[in-house]
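>>> Fold the following for me, if possible:
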Amino acid sequence: MRKAITLLLLCLAVSAVNAQTTPTTQPFGKIDIADLEMKTCDFEKSANAEVLFNKSNVYFDNNYDIVTEIHKRIKIFNDNGKDHANVRIEYYGGDRSEYISGIQAQTINLTNGVPEIVKVDKKQIFTETIDRSRTATVFSFPNVKPGSVIEYKYSIVSNNIGNFPDWYFQTSIPTRYSELTTNTPDILYYKNLESVHQPYAVNKTNRDGSITKALANVASIPDEPFMSSLEDNCQRILFQLMTVRPIGQRMMSFSDSWTKVGETLMEAVNFGGQLNHKINGEETLIAKAKELKTDDEKIAYLFNEVKNNMKWSEYYSKYSDDGISKAWDKKAGNSGEINMILYHLLKKAGVKVYPMITSTRKNGRVNPGYPNYYQFNNTVAYVPVDSAKYYVLDATNKYNIYNQVPANILNSFGFYMDKDKKVYDITFLQNIKPIRQVVMLNGVIMADGKMTGTAEVSNFGYNRVNAVAKYKKDGEKKFIDYLVNDDNNLKISSVKFDGMDIDTLPLTHKVAFDLDLTGSDGDYIYFTPNMLSSVKTNPFLSENRYTDIDFGYRSNYSINCTFKVPAGFKVDVLPKSVSMTMSDKTMAFRRIAIEQEGTIVIRFTIDQKKSIYFKEDYPEIHEFYKKMYEMLNEQIVLKKS
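Coordinates of the predicted model:
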């Protein structure tokens, strides 16, 4: 009996300790001195800032409007964390389906051992129109410094029952406590899509029928090379309205299928209602397109006409704000308007084309099991060529190519709509062809430790797009700086381009260069053969990886170097020929090194056959890249004979 009592008391004590140590929320303006004195995050010491708590309460008012109440508090540890004091809240306020109210915001500092509160002046809270649908409320906190705590609260009211707010427990900074409480009426049923990989600190049904879920001590999501959007990788809960049962009526399904999503969009005035609007001067463009023999010629012509005549507003949108006719007259518009114009012209020219909505990489991947249009932020034109080939056309980027899926929507789903045949379906957008870069370099080495030479670099596909954009946006000087890659010993005296204005051809730049071979002392000459390629630095230096790797597309690099050894010198150290592959054969590296009659030939080949790797594969990828870059940068040594 005594043992049982002792065990019971021990369990109660443990429960009490857990209750005391579990993070929680506090009323607005009330704060523990310990939080103001805190210097670092307990569970992530290197953090610049920490979310002390983020609390959301979502419920329905008497009009069945969704009310979302938010209260968030952030601790600033150092100057690098002060960016979190600039707040931007986006919502669907442009079409008045949502509005924000009750904003309170303040900075709390510890002054002489006492909390000092400075409120955000409401005159410094601004409303910004993003487009016809979206609005942003923006403000900054005053008197923010290392040690400050900032907090704010507000409510968003939405009259769209289909737009139940998703909840993200995880952000770019660590979160001590994140809590979501939801309360939905019996007539509405929402499906939850949970992506949570740590135990809930709270997971309960409350007396009023509401449900509370919370996570504690949630690590940050770091910004890693080749990661998809932050939201894709966060622990989160997504909500989808499935059924509605009006009082006294039969249950009806809502957006529980892609067909219903497509029908809704095609009936929308600012989407489907725009697709057949006439634009000024279209007869001339359509007539000229119809004179061309093949669909490819028609597509290329109209794509370039729209791309070159329209200026993108830098906003991605599924919809048209002012109508495609006005956008064409202004020669400017958002992504939806520009690509609806392209769709319209292609359709009139006899090309089989469909409107498609997509999600950019920054917006996040589309979940095909979650039918709704809120996942998407962009409209493009979709042309199915045959059962194995399709074009996805986005005329917003001046450097896009008509027959190449834009890089920023790869490895996600697009949703296309054929209203005539009542076909509404999603398709995975990818590019299975490896994107190539070929480097041909010839160098002549002098006895005084200098090299002079030429190189020809050919870029295909996305490499071409990136190179053209870099050159035209930044100019020749910065392009040369990019090629030099901070090597003060490398001087490029000239650069010439072939294929700059013909987007169906590779872009080739030819350079003449001079290089000082540092470390050479008259008896020995040292140099690294990998020069002027895009394979410059290892992106995977970190020992750990928290997100999946999304390269976007497959790639193939071929670097071919020929070096003439100076008279009076011979090869002392030549890297060995070697081959290396990953265990699943999806990545391979090969180096061939040959020396014959005073000429050195080095060839590198890097072949990447997969575009997405899971974070669980990272240890092998990390080791592969480490060895590969060691071999890419291995020196050749010449010795005076």
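>>> Now the phi/psi pair for residue 444, please.
Dihedral pair for residue 444: phi -110, psi 120, per degrees, to the nearest 10.
>>> how much space between the closest residue to it other than its chain neighbours and residue 522?
Closest residue to residue 444 apart from its sequence neighbours, by CB to CB, 6 or more residues apart in numbering: residue 564 at 4.6 Å. (C-beta placed from N, C-alpha, C; glycine too.) Distance of residue 564 to residue 522, computed by CB to CB, to the nearest Å: 19 Å.
>>> ok, now residue 235?
To residue 522, residue 235 is 61 Å away according to CB to CB.
>>> Those two: which is more packed in?
Relative neighbour count places residue 235 above the other of residue 235 and residue 522, with 20 against 9, counting by other CB atoms under 10 Å.
>>> Near the residue lying closest to residue 210 once chain neighbours are set aside, how many other residues are there?
The spatially closest residue to residue 210, leaving aside those adjacent along the chain, is residue 183, at 3.7 Å (CB to CB, 6+ apart). By other CB under 10 Å, 15 other residues sit near residue 183.
>>> Confirm for me that residue 183 is in contact with residue 66.
No. If you go by CB atoms under 8 Å, residue 183 and residue 66 don't touch, sitting 10.5 Å apart.
>>> Spit out the residues that contact those two alike.
Contact criterion CB atoms under 8 Å, 6 or more residues apart in numbering; residues shared by residue 183 and residue 66: 58-60.
>>> Among these, which one lies nearest to residue 468?
The nearest member of those to residue 468, counting by CB to CB, is residue 58 at 46.6 Å.
>>> Quickly note the distance from that closest one to residue 94.
According to CB to CB, residue 58 and residue 94 sit 22 Å apart.
>>> do the same with residue 442
Distance, residue 442 to residue 94, by CB to CB: 58 Å.
>>> Give me the pLDDT value at the spatially most central residue of the chain.
Nearest to the mean C-alpha position of the chain, by CA atoms, centre = their mean, lies residue 362 at 3.2 Å. What the model reports as pLDDT for residue 362 is 92.
>>> what comes up buried for stretch 474-486?
The neighbour-count check on stretch 474-486 (16 or more other CB atoms under 10 Å) flags 479-480, 483-484 as buried.
>>> Give me the subset of the residues you listed that lies in helices.
Using DSSP state H, the members of the buried residues of stretch 474-486 that fall within helices are 479-480, 483-484.
>>> Could you dump those residues into a markdown table with distance to residue 114 and pLDDT added?
Formatted as a markdown table, those follow (distance: CB to CB, whole Å; pLDDT from 0 to 100):
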| residue | distance to residue 114 | pLDDT |
| --- | --- | --- |
| 479 | 57 | 93 |
| 480 | 58 | 93 |
| 483 | 58 | 92 |
| 484 | 56 | 91 |
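>>> and which of those is nearest to residue 205?
Set against residue 205, the nearest of those by CB to CB is residue 479 (60.7 Å).
>>> any idea how far that closest one lies from residue 492?
Distance from residue 479 to residue 492, counting by CB to CB: 10 Å.
>>> likewise residue 222?
As judged by CB to CB, residue 222 and residue 492 stand 35 Å apart.
>>> again with residue 581
Plainly put, residue 581 is 34 Å away from residue 492 if you go by CB to CB.
>>> Could you list every helix and strand in contact with the longest strand anywhere in the chain?
Counting by DSSP state E, the longest strand found in the chain is strand 98-111. Here strand 98-111 touches helix 33-37, strand 86-91, strand 114-119, strand 135-140, strand 149-158, going by 3 or more CB pairs under 8 Å, 6 or more residues apart in numbering; DSSP states H and E.
>>> wait, which of the ones you listed is closest to residue 620?
So among the helices and strands packed on strand 98-111, strand 86-91 is nearest, using CB to CB, at 39.2 Å.
>>> The closest residue to residue 554 other than its chain neighbours: how many residues sit nearby?
Nearest non-adjacent residue to residue 554, counting by CB to CB, 6+ apart: residue 434, 4.2 Å away. Residue 434: 16 surrounding residues under other CB under 10 Å.
>>> Now residue 585: closest residue in space, sequence neighbours ignored.
Distances taken as CB to CB, 6+ apart put residue 609 closest to residue 585, at 7.4 Å, once the chain neighbours are dropped.
>>> hang on, the one you found packs against residue 584?
No. When contacts are counted by CB under 8 Å, residue 609 is not listed as touching residue 584 (9.1 Å).
>>> Show me which of the two is the more surrounded one.
Comparing residue 609 with residue 584 by neighbour count (other CB under 10 Å), the higher total belongs to residue 609, at 15 against 11.
>>> Now do the contacts for that one.
Listed by CB under 8 Å, 6+ apart, the contact partners of residue 609 are 434, 554, 585-588.
>>> Any idea how many residues pack against residue 494?
10.
>>> hmm, I was thinking of residue 277
As a burial measure, residue 277 scores 17 neighbours (other CB under 10 Å).
>>> Residue 543 now?
8.
>>> how much space between residue 375 and residue 352?
Going from residue 375 to residue 352 by CB to CB gives 26 Å.
>>> Dihedrals phi and psi, the closest residue to residue 327 other than its chain neighbours?
Among residues not flanking residue 327 along the chain, residue 333 sits closest, at 3.4 Å (CB to CB, 6+ apart). Here is the backbone geometry of residue 333 (degrees, to the nearest 10): phi -180, psi 180.
>>> circling back to that earlier point, which residues sit in contact with the residue nearest to residue 444?
443-445, 598-599.
>>> now do residue 259
Taking CB under 8 Å, 6+ apart as the test, what residue 259 contacts is 422, 424.
>>> Give the rounded mean pLDDT of the one helix or strand residue 437 maps to.
Taking DSSP states H and E as the criterion, residue 437 maps to strand 435-445. On average, the pLDDT along strand 435-445 is 97.
>>> Parallel or antiparallel, which strands does it pair with?
Applying DSSP bridges, strand 435-445 is found paired with strand 450-459 (antiparallel), strand 555-564 (parallel).
>>> Buried residues, the first one. List them.
Of the residues in strand 450-459, 450-453, 455-459 count as buried by neighbour count, 16+ other CB under 10 Å.
>>> cool, stretch 265-283 as well?
Neighbour count says stretch 265-283 has 265-266, 270-272, 274-275, 277, 279, 282 buried, by 16+ other CB under 10 Å.
>>> what do you get for stretch 354-368?
354-361, 363-367.
>>> Need the distance between the two termini of it.
Distance across stretch 354-368, first residue to last, is 19 Å (CA to CA, to the nearest Å).
>>> so how far is it from its chain's centroid?
Distance, stretch centre to chain centre, for stretch 354-368: 11 Å (CA atoms, centre = their mean, to the nearest Å).
>>> Which stretches in this structure count as helices?
Applying DSSP H to the chain gives helices spanning 2-21, 33-37, 230-233, 258-267, 282-291, 295-309, 324-330, 335-348, 461-474, 476-484, 618-632.
>>> Low-confidence stretches in the protein?
For the chain, the stretches with pLDDT under 70 are 1-22, 247-256.
>>> Now do the domain split for it, please.
Listed by automatic domain parsing, the domain ranges of the chain are 11-244, 258-429, 435-640.
>>> tell me the most buried of those?
For the domains of the chain, the largest average neighbour count (mean count of other CB atoms under 10 Å) is found in domain 258-429, namely a mean of 19.
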